[in-house]
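# Build me a model from this:
(one chain, ligands or ions: 1)
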Amino acid sequence: MSDPNDLNLAPWPRDDFSTYGEVEIKPVPRIQQLVGSFLGRNWVRIPHVFHQDDANIGAMDELRKSLNSNKPETKLTPLPFFIKALVETLKEFPQFNASLDGEGNIIFKKYFHIGVAVDTPGGLLVPVIRECDKKTVYQIASELKAISEKARTKGLSTAEMAGGCMTISSLGHIGGTGFTPIINAPQTAILGITKAEWKPVVKNGEVITEYRVPLSLSYDHRVINGADAAKFCVKLAQCLADPEALIG
Ligand code: CAO
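Take a look at the predicted model:
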């Protein structure tokens, strides 16, 4: 009988592309190779489910812009608000702040360290912002600025990327209407964010416009059920709709 852990995959297809036209060969960057091996493992080992939703962030964006008009030391992007809203949501849904230990146990974490995917010239890095429940949006914004700059210019230590509870991957500054991020094991979920846009919405029979952001949640179905994922996104949207409470 074959080993159930043996994926029995066909070998990687090889081809001589130069027979079809001009090509250039470059090695895959070292970080990309390393990250790729983790992503490949997570993709085949975790039964991912993808849940899509969106949230009205009109009030948050207004508040953010008015705070930025006071020219604070660190400008606020939407991301620190997403981090604070995520923490509030994790408090209500502990299975999203958990890890499987591979020996039949689920470890529930009582701390709130959030990983943030950062695109660097060498590849994707995920620094972890610690104790986000105890930090203000400004503290998170300035830490995020410093650590993402370090990730892009000097790289990060293993310690700076360790211990994340859940990860946010934000492509909101670029575009997109949704995607399916791969879970950063041993975490049980990851939140993808794409570009907020003004959208027509029907309320009380009338068409109005709202500034809404797509939420792309990927979760490990061994730990999280679909109903929990739907409730998680509803709660996240409620938190985002009340930005004053997130300012702290
Ligand atoms: N909708 C609309 N606009 C958004 C937005 C969203 N969801 N998120 C950010 N923006 C805007 C910001 O408000 C800012 O505009 P203003 O200057 O007018 O306010 C602009 O986009 C640039 O934001 P930023 O990128 O400088 O800052 P950030 O806090 O949003 O993100 C960081 C920081 C480090 C996470 C980001 O630069 C990054 O590297 N993202 C890439 C992550 C990635 O590659 N993920 C993929 C992983 S899977 O391969």
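
# what's the neighbour count on Ala229?
Using other CB atoms under 10 Å, the number of residues around Ala229 comes to 22. C-betas here are computed from N, CA, C, even on glycine.

# Setting aside sequence neighbours, what's the nearest residue to the residue nearest the centre of the chain?
Nearest to the geometric centre of the chain sits Ile168, at 1.9 Å (CA atoms, centre = their mean). Take Ile168 and drop its neighbours on the chain: the residue closest to it by CB to CB, 6 or more residues apart in numbering is Leu191, 5.0 Å away.

# Say whether the ligand is contacted by the host helix or strand of that neighbour.
Mapping Leu191 onto the secondary structure by DSSP states H and E places it in strand 189-193. Yes - if you take CB under 6 Å from any ligand atom as the test, strand 189-193 does meet the ligand, through Ile193.

# what helices or strands is the lengthiest strand in the chain leaning on?
If each strand of the chain is counted by residues according to DSSP state E, the longest one is strand 206-220. Packed against strand 206-220 by the contact rule (3 or more CB pairs under 8 Å, 6 or more residues apart in numbering; DSSP states H and E) you find strand 48-56, helix 58-68, strand 189-193, strand 197-203, helix 226-240.

# So which of these is the most surrounded?
Mean neighbours per residue, mean count of other CB atoms under 10 Å, is largest over the helices and strands packed on strand 206-220 for strand 189-193, with a mean of 26.

# What distance do you get for Ile182 to Gly40?
Distance, Ile182 to Gly40, by CB to CB, to the nearest Å: 9 Å.

# what about the two, which has more around it?
Taking Ile182 and Gly40 together and counting by other CB under 10 Å, Ile182 has the greater number of neighbours (18 against 11).

# Surely that one touches Leu39?
Yes - with contacts counted by CB atoms under 8 Å, Ile182 reaches Leu39, the gap being 5.3 Å.

# Give me the nearest residue to Pro29, chain neighbours excluded.
With sequence-adjacent residues excluded and distances taken as CB to CB, 6+ apart, Pro29 is closest to Gly122, at 5.0 Å.

# got a list of what the one you found touches?
Gly122 makes contacts with Pro29, Arg30, Ile31, Gln32, Gly155, as judged by CB atoms under 8 Å, 6 or more residues apart in numbering.

# Most widely separated two among those?
Pairwise distances among the contacts of Gly122 were taken by CB to CB; the largest, 12.9 Å, belongs to Gln32 and Gly155.

# Take the helices and strands packed on strand 206-220 and write them to a markdown table, including distance to Gly115 and mean pLDDT.
Written out in a markdown table, the entries for these read as follows (distance: least, CB to CB, whole Å; pLDDT from 0 to 100):
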| stretch | distance to Gly115 | mean pLDDT |
| --- | --- | --- |
| strand 48-56 | 17 | 98 |
| helix 58-68 | 21 | 97 |
| strand 189-193 | 8 | 98 |
| strand 197-203 | 26 | 97 |
| helix 226-240 | 16 | 98 |
